[in-house]
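A.B. asks: sequence first, then the predicted structure, then my questions.
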Amino acid sequence: MMLRIRSRDGLERVAVENPHITIAQLKAIIQSQLKIPIHNQTLSTNQNILLAKTQDDLSKFTDMSNPNTYLSSLNLSHGSIVFLAYEGERTVAGPTVHPAGSFGRKMTMDDLIAKQMRITRQENPHCELVSFDRDCANAFQHYVNETLAFAVKRGGMMYGTVSPEGKVEVDFIYEPPQQGTEDNLLFFRDHDEERLVEAIAVGLGMRKVGFIFTQTISQDKKDYTLSNREVLQAAQFHSESELKEWVTAVVKLEVNEDGGADVHFEAFQMSDMCIRLFKECWFETDIGEDFDPKLSKMKKDVVVGVKDTRDVDNDFFLVVVKILDHQGPLSTTFPIENRNVPVTMKALKNHLDRSKGLPFVKRISDFHLLLLLARVLDVSSDVPALAECVQTQTGVPEGYKILIESMASAA
């Protein structure tokens, strides 16, 4: 199988026999194939390791620190990405040069065209439309509008279903630990929490279907739809998903006819060409302060229209997606994770007290409540069982009711 290794040098590949090798064996393979000494390597499944500046920073990434851990236990398989930080210098092999023209093989016009990367607009998305559950969309926009006042960026992962016709329905939004500024949004990936989110989604018959983020008031004054940093982030999540209907949604304030401000949702797919360029590492990812945010800079020349350039207008990468809304199966009245105030069992007690008149399955039909319960229940049995009750709206077994009510009453 093949693993992709992303380091400060870009994306490289190593061949391993199977996922049942240890981290120590992987490091030996990296030393052999990429010429990086084992003692210089620090590995992680967390991309933030590439932002580490000191040895203390590196020591915080411990998920691949045990040399005896098997790759399979980290859910690494063919095509997975492992992030590598290393000390020292190395020479990265360049592309193989084949002679051409009068000193070697003759190059035809077709050969020349094949070597050009031509950027054109993609007219049609792969998804027919995206429909947002009204409650989950409102809970997201209300927080960024009323609490954050669109002063800093906020983001989340959208979960729901995809129909055979390509209709995407978003029924809940998971907001990971994150830090937002006026221009940047950084997710602190918590793989334990993400494992709980995925278990709940599977039990609900849903999957991850897109990425949603906000633009700030200061960005509204700039002449672009998405900035170059936003294009990179959206392309990264889209390419990781391997879902052709994957949707990127943007929430922002827009001035209305009366001079007031309205919250506005827009939805896009990143074009096939954008995802190809990202996967093949054409994008310049080290964005300088002097870069024009409405242009994405390429590492090599591409063809836009009739000219060769390394600066591509971000709008070339966006395919507009139609937006509708619907009333989904879940409520969004429970406090939402990873915001300013930590969610505790006290919130569970308050929620259950407020909803006493409803059937018990209705009282727990909220993703954010299920995520709190998942932190203390068994992820492989209890979490899927409860989520399945919510999906089918069938009675919750008495044992679970007693357990949940006892957790609430102990708060």
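C.D. replies: Looks like it arrived, so ask away. Numbering: from 1, shown residues only.
A.B. asks: hmm, who's touching the helix or strand that contains L369?
C.D. replies: Using DSSP states H and E, the element containing L369 is helix 367-374. By CB atoms under 8 Å, 6 or more residues apart in numbering, the surrounding residues in contact with helix 367-374 are 159, 171-172, 174, 193, 196-197, 199-200, 204, 330, 332, 334-337, 343, 345, 347-348, 351, 364, 383, 386-387, 390, 404, 407. (Each C-beta comes from the backbone N, C-alpha and C, glycine too.)
A.B. asks: got phi/psi on L51?
C.D. replies: Reported as degrees, to the nearest 10, the phi and psi values for L51 are phi -90, psi -10.
A.B. asks: and if you look at the one 3 residues further on?
C.D. replies: For T54, the backbone dihedrals are phi -130, psi 170 (criterion: degrees, to the nearest 10).
A.B. asks: that one: how many residues sit nearby?
C.D. replies: Applying other CB atoms under 10 Å, we find 7 residues neighbouring T54.
A.B. asks: any idea how far P177 is from it?
C.D. replies: T54 sits 21 Å away from P177 when distances are taken as CB to CB, to the nearest Å.
A.B. asks: what of T161?
C.D. replies: T161 sits 26 Å away from P177 when distances are taken as CB to CB.
A.B. asks: which one's more surrounded, the two?
C.D. replies: Neighbours were tallied for T161 and for P177 using other CB under 10 Å; the higher tally belongs to T161 (16 against 12).
A.B. asks: check contacts around that one.
C.D. replies: Contacts were defined as CB under 8 Å, 6+ apart; by that measure T161 touches V168, E169, D171, G205, M206, R207, V209.
A.B. asks: may I see the residues you listed arranged in JSON lines, with neighbour count, distance to T45 and pLDDT as well?
C.D. replies: As requested, the contacts of T161 are arranged in JSON lines below (neighbours: other CB atoms under 10 Å; distance: CB to CB, whole Å; pLDDT from 0 to 100):
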{"residue": "V168", "neighbour count": "26", "distance to T45": "27", "pLDDT": "98"}
{"residue": "E169", "neighbour count": "21", "distance to T45": "29", "pLDDT": "98"}
{"residue": "D171", "neighbour count": "25", "distance to T45": "27", "pLDDT": "98"}
{"residue": "G205", "neighbour count": "15", "distance to T45": "27", "pLDDT": "96"}
{"residue": "M206", "neighbour count": "25", "distance to T45": "23", "pLDDT": "96"}
{"residue": "R207", "neighbour count": "14", "distance to T45": "20", "pLDDT": "97"}
{"residue": "V209", "neighbour count": "23", "distance to T45": "22", "pLDDT": "98"}
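A.B. asks: low-confidence regions, this structure specifically.
C.D. replies: In the predicted model, the chain carries pLDDT under 70 at residues 91-116, 259, 411.
A.B. asks: where do the helices sit along this protein?
C.D. replies: Under the criterion DSSP state H, helices of the chain are mapped to 23-34, 55-59, 109-114, 134-142, 191-203, 228-241, 272-279, 345-354, 360-363, 367-374, 382-392, 398-409.
A.B. asks: out of these, which one sits most buried?
C.D. replies: When neighbours are counted by mean count of other CB atoms under 10 Å, the highest per-stretch mean among the helices of the chain falls to helix 367-374, a mean of 23.
A.B. asks: centre-most residue in this protein?
C.D. replies: Against the mean C-alpha coordinate of the chain, by CA atoms, centre = their mean, the closest residue is F237 at 3.9 Å.
A.B. asks: spatially nearest residue to that residue, not counting backbone neighbours?
C.D. replies: The spatially closest residue to F237, leaving aside those adjacent along the chain, is F211, at 4.4 Å (CB to CB, 6 or more residues apart in numbering).
A.B. asks: and L226, what does it touch?
C.D. replies: Taking CB under 8 Å, 6+ apart as the criterion, L226 is in contact with A234, V250, F268, N314, F317, L318.
A.B. asks: most neighbours, which of those?
C.D. replies: If you rank the contacts of L226 by neighbour count (other CB under 10 Å), A234 sits at the top with 28 neighbours.
A.B. asks: what count of nearby residues applies to R189?
C.D. replies: R189 is flanked by 15 other residues according to other CB under 10 Å.
A.B. asks: quick one, what contacts it?
C.D. replies: With contact taken as CB under 8 Å, 6+ apart, R189 is in contact with N46, Q47, N48, P176.
A.B. asks: then S80?
C.D. replies: Under the criterion of CB under 8 Å, 6+ apart, the neighbours of S80 are L3, R4.
A.B. asks: can you give me the distance of it to M2?
C.D. replies: Using CB to CB, we find S80 at a distance of 9 Å from M2.
A.B. asks: domain-wise, how is the protein divided?
C.D. replies: Here the domain assignment for the chain is 2-86, 129-325, 331-409, based on automatic domain parsing.
A.B. asks: turn those domains into CSV, including distance to E123.
C.D. replies: Output for the domains of the chain, formatted as CSV (distance: least, CB to CB, whole Å):
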stretch, distance to E123
domain 2-86, 29
domain 129-325, 8
domain 331-409, 35
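A.B. asks: ok, and the closest non-adjacent residue to L403?
C.D. replies: L377 (8.0 Å).
A.B. asks: neighbours of the one you found, how many?
C.D. replies: When neighbours are defined as other CB under 10 Å, L377 has 20 of them.
A.B. asks: surely it touches V383?
C.D. replies: Yes. At 5.6 Å, L377 counts as touching V383 under the criterion of CB atoms under 8 Å.
A.B. asks: show me where the stretch 201-350 of the chain has its strands.
C.D. replies: Per DSSP state E, counting those that start in this stretch, the stretch 201-350 of the chain has strands spanning 207-214, 247-255, 261-270, 295-304, 307-313, 318-320, 323-326. These are given in chain order.
A.B. asks: could you check the angle the fifth one makes with helix 272-279?
C.D. replies: To tie it back to what came earlier, the one meant is strand 307-313. Taking axes from the mean of the first three to the mean of the last three CA atoms, to 10 degrees, one finds strand 307-313 and helix 272-279 inclined to each other by 90 degrees.
A.B. asks: need the contact partners of strand 307-313.
C.D. replies: Residues from elsewhere that reach strand 307-313 (CB under 8 Å, 6+ apart): 119, 284, 292, 294-304.
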